[in-house]
Every structure is written in structure tokens, then in C-alpha cells.
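*Asks:* Fold the following for me, if possible:
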Amino acid sequence: MSRSNFCTSCGARLARTGWRARIRGTVCDDCSMRLGTSPATKIVITISIIAVAAFAFGRYLRPKPPPLIIQRAANSPLSDVPVNFDAIPKRAVANPNRAIAATVDDVVYICGARTKKGTPCRRRVHFAGERCFQHKGMPAIVPLEKLTIKPDIAKK
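*Replies:* Numbering: from 1, shown residues only. Prediction:
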């Protein structure tokens with residue numbers, strides 16, 4: 001980094017070396033006192049150092065957040081027992097793209113609303129006659145009987 005050899009205000013020769021030359025810049029000692037840059041600069045630097053130190057100290061003293069606790073309603077369909085991953089069938093691990101039905105008697109419903117393409121929506125929904133999040137309030141374009149997908153026992 002180059003430094004000036006002469007004051008930009010009065011033209012006097014600058015003979016400073018070291019860190020003072022980098023801090024005071026391109027004006028001599030007389031001009032810096034006359035222009036008032038030196039005391040103002042010291043105040044700004046002091047205030048900024050105090051602000052950064054106070055911010056860092058406040059972040060250090062902040063208490064840790066409490067652990068995340070998820071509460072469910074008493075009638076929630078989700079169970080509170082932990083999941084036993086050893087009970088998952090091994091064929092599901094071998095082919096993760098295949099959906100696993102919980103029991104043979106489970107019935108799956110699809111949305112059935114008209115898509116932009118004009119075909120019925122194939123997203124799965126919880127109940128018959130219900131629509132997916134994207135087609136709420138739209139009518140189905142297929143009859144209610146065709147919105148039910150019964151699991152095929154032969155596939156298992």
C-alpha cells in the first residue's frame with residue numbers, strides 16, 4: 001500500500017512511519033488538529049470497539065434455548081411409543097421407492113380433481129371425497145367409486 005509523502009491540505013512533508021502513517025492518512029499533524037479529524041476518529045473508533053465488545057459479551061452470556069418439546073392433542077392419531085426400526089420389513093429397505101401398506105385391509109383414496117393437463121389428480125388423500133392441498137374446493141372429475149384404490153393382495 002502506497003502512502004503519501006506530502007500533506008494534501010497544506011503541502012508539508014510527511015515524515016511519519018509505522019502504524020501512525022496508516023491511521024492518520026494523508027494530512028500532517030497540524031492539519032489534523034486544525035481540521036479536527038483526529039479526535040473525531042478516535043471517538044468513532046472507541047465507540048465501535050465498545051459496541052462490538054458489548055455485542056460479543058451479550059452473545060456469550062445468552063442462555064441456551066430450551067429443548068424442543070412437541071405436544072400433541074389427546075385424540076392425536078400419532079402414537080407416543082418409539083418407532084422400532086428392526087420391525088420394518090427388509091424388502092422395504094431393498095426397494096425404498098415401493099410404498100408399503102400397513103395392513104391388507106387399508107384403503108387408499110386419491111384426489112381425482114381436474115389437473116391443468118385435464119387428467120384426474122393422482123395424489124393420495126386421507127378420506128374419500130377429500131381433495132389434496134392443491135385442489136381444495138374443486139370437484140372430482142371421476143365418480144367416487146373410482147377414487148378408491150384397494151391394495152392388491154397378489155402384489156405382496
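*Asks:* and the gap between A51 and R59?
*Replies:* Using Cβ to Cβ, to the nearest Å, A51 is found at 13 Å from R59. C-betas here are computed from N, CA, C, even on glycine.
*Asks:* Also A128?
*Replies:* 54 Å.
*Asks:* right, and the helix or strand after the worst-scoring helix or strand of the chain on mean pLDDT?
*Replies:* None of the helices or strands of the chain scores lower by mean pLDDT, DSSP states H and E than helix 90-94, at a mean of 51. Toward the C-terminal end, the helix or strand that comes next after helix 90-94 (DSSP states H and E) is strand 108-110.
*Asks:* mind listing what the helix or strand following that following strand pairs with, with the direction of each?
*Replies:* Counting by DSSP H and E, the next helix or strand C-terminal to strand 108-110 is strand 124-125. Here strand 124-125 is paired, per DSSP bridges, with strand 108-110 (antiparallel).
*Asks:* Quick one: mean pLDDT over the partner strand.
*Replies:* For strand 108-110, mean pLDDT rounds to 86.
*Asks:* Report the buried residues of it.
*Replies:* Using 16 or more other Cβ atoms under 10 Å as the test for burial, strand 108-110 gives Y109, I110.
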